[in-house]
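*Asks:* dropping a prediction and its sequence here:
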Amino acid sequence: MVQKQTRITGIAISPGIGYGKACIWGTAPAVKRRKIRVGQVSSELKRLEKAVDMSLKQIFDIRDKVSDKIGEKEADIFGAHAMLLRDPVLMAQVEKTIVEQRINAEAAIEEVIDESVKVYATTNEMYLKERIQDFRDVGRRLVDNLAGFNQECLLADESDIIVIAAEITPSQLMEADHSKIKGFVTEMGGETSHVAILARSLGIPLVSGISNVLNRIKAGLPLLVNGFNGTILRQPSNNEIKAEKKEFPRIVISESEIEKLNKLPVETADGHPVTLMANVRSQTDIMFAKKFQSAGIGLYRTELAFNNKNSFPSEEYQFNTYKEVVQQIAPHPVTIRTLDLGGDKFSPYYPYLKKRELNPYLGMRAIRISLARPDILRDQLRAIVRASAHGQVKLLLPMISGVEEIRRIKRMLYRIMRNFQKEGIPFDPDLRIGAMIEIPSAVIVISSILKEVDFISVGTNDLIQYTLAVDRSNETVSQYYEPMHPAVLHLLKQIAAAANREKKEASICGEMAADVRYTKLLIGLGYNVLSMSSLFIPQIKRVVRTITQDSARELAYKALNLWEIKKIKKLIHL
Ligand code: PEP
Ligand code: MG
């Protein structure tokens, strides 16, 4: 008998242990056209009928929920879906295609839907064009139901869910009901993708890099996700769950230890202070930032703060959001980063790109979008400058490649400040400006950048990606994404040394800052300000308190003299 493989190994992306029922999220794989025999036609028609019934039931359930929770108008959308499924002409066409062409139901649905969409695509009437979306949605639902995919588990009553998906986008993750989700398992997604960052900040375990995941896990299957060692366990017994939880809690810090740590200063064993700050993007993160006593916000990812909006947030809306954060975190600073859209971050309100780029990380991203859309940039800068009247605000610019981008932003910023002065709008005239150092070109010209700004913050996620030419969210090349590459270490050293010469603050806000394995090395390289998802602050603090500065410097010195990743890893016990 073949032993069923119960444990599947992937890559650990977000720590934690989660247990729940598998919920297949997303869509079935692309439809395959299959010829059927004459004798199979009637069973294919039955499959279609079953899928239509199931789809109708799902749609009515959603419609009722939406009408209860949101409103009748919104619920109508699903009424329209139900009408399509009950449209005798449309369904007759699908049946006719199955019978006459002798093909499988999925392929027949796809063909008929494509034809209908083509008709609507040629019309100039907006309301008819909108029907295309309904056709696609209904078609997809039918195909998913034929394939046994269940997309409704997030709306169902199930309370503990493990989301299984080929890929999750940051906006999908944001839209989900986080109280139900106990874990994520995906096929794609690297260690430093934005989804990984979000999952970590929500404290939800995530395991990625499981090939063909949609075909290996069925909806409803009980699953344990271990985000520490990157494995998932199918149908675990109670004993297995207990054993797994027992083996791994040592990595997580208990509430009582957090309380104890909170009372102690963040300093090395020989008394050198270290500043641990928080990376945030939401109210939940702010709550954690306070709970774990962060020394302020080192990175406020504004592009994610407004992800639930359909249109670009107005200056007033942004101002109120920033002001609230600044007031909550006072007297500590809040480092607000201008929009870093593009790459793997797309939002409903993201108006710039109409078509997907082949290399989005090398495309229209972050500061490039802000510079191309001065209207959006102006709103954001005005909101940030206004918020500076209510606490300590620092302005951070992402994806800076050299001084010119900084100067262009500063020109607009100073114009805004001059106008505010004239109009009597309050703001902090000493608002500090910083640059993210995450493109190798910025390191090459670091001295000139340091003359333009008050501080710098190193985005190691992107710095590694751009230095080693490894897409940070592509798991196929994840073995090449190596923070311990000597080139990365030398760049980090170069940045810290230049900042030290100019007497300007250099912090790290990429994921390396949140990883206890790198803490000593980073301190040794000259970084004493680290910003991370708040959940990691206690662990990093615990490690910082065991390190002496001399031993950290010695470790960095040794590492900088090694030219093989393997040897560097051995040196730092990886
Ligand atoms: C980074 O690149 O390290 C960073 C902190 O920015 P983001 O992850 O948002 O690109
Ligand atoms: Mg970055």
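*Replies:* Nice, I can see it. As the structure is a computational prediction, the values presented were derived from the model and not from experiment. Ligands and ions are numbered 1, 2, ... in the order given.
*Asks:* for the lengthiest helix in the chain, name the packing helices and strands.
*Replies:* The helix that spans the most residues within the chain, counting by DSSP state H, is helix 41-69. The elements that helix 41-69 packs onto, with contact taken as 3 or more CB pairs under 8 Å, 6 or more residues apart in numbering; DSSP states H and E, are helix 72-85, helix 88-101, helix 105-121, helix 131-146. Any C-beta I mention is one placed from the backbone N, CA and C, and that applies to glycine too.
*Asks:* which parts of the second one are buried?
*Replies:* When you say that, I think you mean helix 88-101. Under the neighbour-count criterion of 16 or more other CB atoms under 10 Å, helix 88-101 has 90-91, 93-95, 97-98 buried.
*Asks:* can you lay out the residues you listed as JSON lines showing distance to ligand 1?
*Replies:* Listed next are those as JSON lines, based on distance: CB to the nearest ligand atom, whole Å:
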{"residue": "Leu90", "distance to ligand 1": "44"}
{"residue": "Met91", "distance to ligand 1": "47"}
{"residue": "Gln93", "distance to ligand 1": "47"}
{"residue": "Val94", "distance to ligand 1": "45"}
{"residue": "Glu95", "distance to ligand 1": "50"}
{"residue": "Thr97", "distance to ligand 1": "47"}
{"residue": "Ile98", "distance to ligand 1": "48"}
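*Asks:* of all those, which two lie farthest apart?
*Replies:* Across these, the longest distance by CB to CB is 13.4 Å; it joins Leu90 and Ile98.
*Asks:* need the pLDDT of Gly26.
*Replies:* pLDDT, Gly26: 65.
*Asks:* tell me the contacts of Ile217?
*Replies:* By CB atoms under 8 Å, 6 or more residues apart in numbering, Ile217 lies in contact with 22, 24, 164, 185, 223, 232, 234.
*Asks:* narrow the residues you listed to those in strands?
*Replies:* Within those, residues falling in strands by DSSP state E are 22, 24, 164, 185, 223, 232, 234.
*Asks:* need those in TSV (columns: neighbour count and distance to ligand 2).
*Replies:* Formatted as TSV, those follow (neighbours: other CB atoms under 10 Å; distance: CB to the ion, whole Å):
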residue	neighbour count	distance to ligand 2
Ala22	24	32
Ile24	24	31
Ile164	28	28
Val185	28	25
Leu223	25	32
Ile232	27	29
Arg234	17	36
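*Asks:* and those residues as a markdown table, adding distance to ligand 1?
*Replies:* What follows is the ones in strands among the contacts of Ile217, written out as a markdown table (distance: CB to the nearest ligand atom, whole Å):
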| residue | distance to ligand 1 |
| --- | --- |
| Ala22 | 29 |
| Ile24 | 28 |
| Ile164 | 25 |
| Val185 | 22 |
| Leu223 | 28 |
| Ile232 | 25 |
| Arg234 | 32 |
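*Asks:* ok, the residues you listed vs Ile446, which is closest?
*Replies:* Ile446 lies nearest to Val185 out of the ones in strands among the contacts of Ile217, by CB to CB, at 40.1 Å.
*Asks:* so the closest one touches Ile164, yeah?
*Replies:* Yes. Using CB atoms under 8 Å, Val185 and Ile164 qualify as a contacting pair, with a distance of 5.0 Å.
*Asks:* identify the contacts common to those two.
*Replies:* Residues touching both Val185 and Ile164 (CB under 8 Å, 6+ apart) are 22, 213, 217.
*Asks:* now do the SS call for Gly298.
*Replies:* For Gly298, the assignment made with DSSP: H, G, I helix; E, B strand; the rest coil gives strand.
*Asks:* what number of residues lie near the spatially closest residue to it that is not a sequence neighbour?
*Replies:* Nearest-residue entry for Gly298: Ser531, 2.5 Å, with adjacent residues in sequence omitted and distances by CB to CB, 6 or more residues apart in numbering. The local packing of Ser531 (other CB atoms under 10 Å) involves 28 other residues.
*Asks:* per-residue confidence at Ile59?
*Replies:* Value for Ile59, per-residue pLDDT: 82.
*Asks:* from Val94, how far out is it?
*Replies:* If you measure Ile59 against Val94 using CB to CB, to the nearest Å, the figure is 17 Å.
*Asks:* again, but for Leu48
*Replies:* Taking CB to CB, one finds Leu48 at 7 Å from Val94.
*Asks:* name the residues contacting each of these two.
*Replies:* 105, 108-109.
*Asks:* just name the closest of these to ligand 1, please.
*Replies:* Closest approach between the shared contacts of Leu48 and Val94 and ligand 1, by CB to the nearest ligand atom: Ile109, at 39.6 Å.
*Asks:* who's in contact with the closest one?
*Replies:* Contacts of Ile109 (CB under 8 Å, 6+ apart): 31, 48, 94, 139, 142-143, 146.
*Asks:* again with Gly203
*Replies:* Applying CB under 8 Å, 6+ apart, the residues near Gly203 are 16, 535.
*Asks:* and it, how far from Leu85?
*Replies:* 39 Å.
*Asks:* distance to ligand 2 for the helices and strands packed on helix 41-69 - can I get that in CSV?
*Replies:* Formatted as CSV, the helices and strands packed on helix 41-69 follow (distance: least, CB to the ion, whole Å):
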stretch, distance to ligand 2
helix 72-85, 36
helix 88-101, 46
helix 105-121, 37
helix 131-146, 33
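*Asks:* and these as a markdown table, adding distance to Val543?
*Replies:* Listed next are the helices and strands packed on helix 41-69 as a markdown table, based on distance: least, CB to CB, whole Å:
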| stretch | distance to Val543 |
| --- | --- |
| helix 72-85 | 49 |
| helix 88-101 | 61 |
| helix 105-121 | 53 |
| helix 131-146 | 46 |
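*Asks:* mean pLDDT for those helices: which is lowest?
*Replies:* Minimum mean pLDDT among the helices and strands packed on helix 41-69: helix 72-85, a mean of 76.
*Asks:* what is that one packed up against?
*Replies:* Contacts defined by 3+ CB pairs under 8 Å, 6+ apart place helix 72-85 against helix 41-69, helix 131-146.
*Asks:* return the residues of the stretch 401-550 of the chain in contact with ligand 2.
*Replies:* With CB under 5 Å from the ion as the criterion, the stretch 401-550 of the chain comes near ligand 2 at residues 438, 459, 462.
*Asks:* let's see it at 8 Å
*Replies:* Within the stretch 401-550 of the chain, the positions near ligand 2 by CB under 8 Å from the ion are 436, 438, 459, 461-462, 510.
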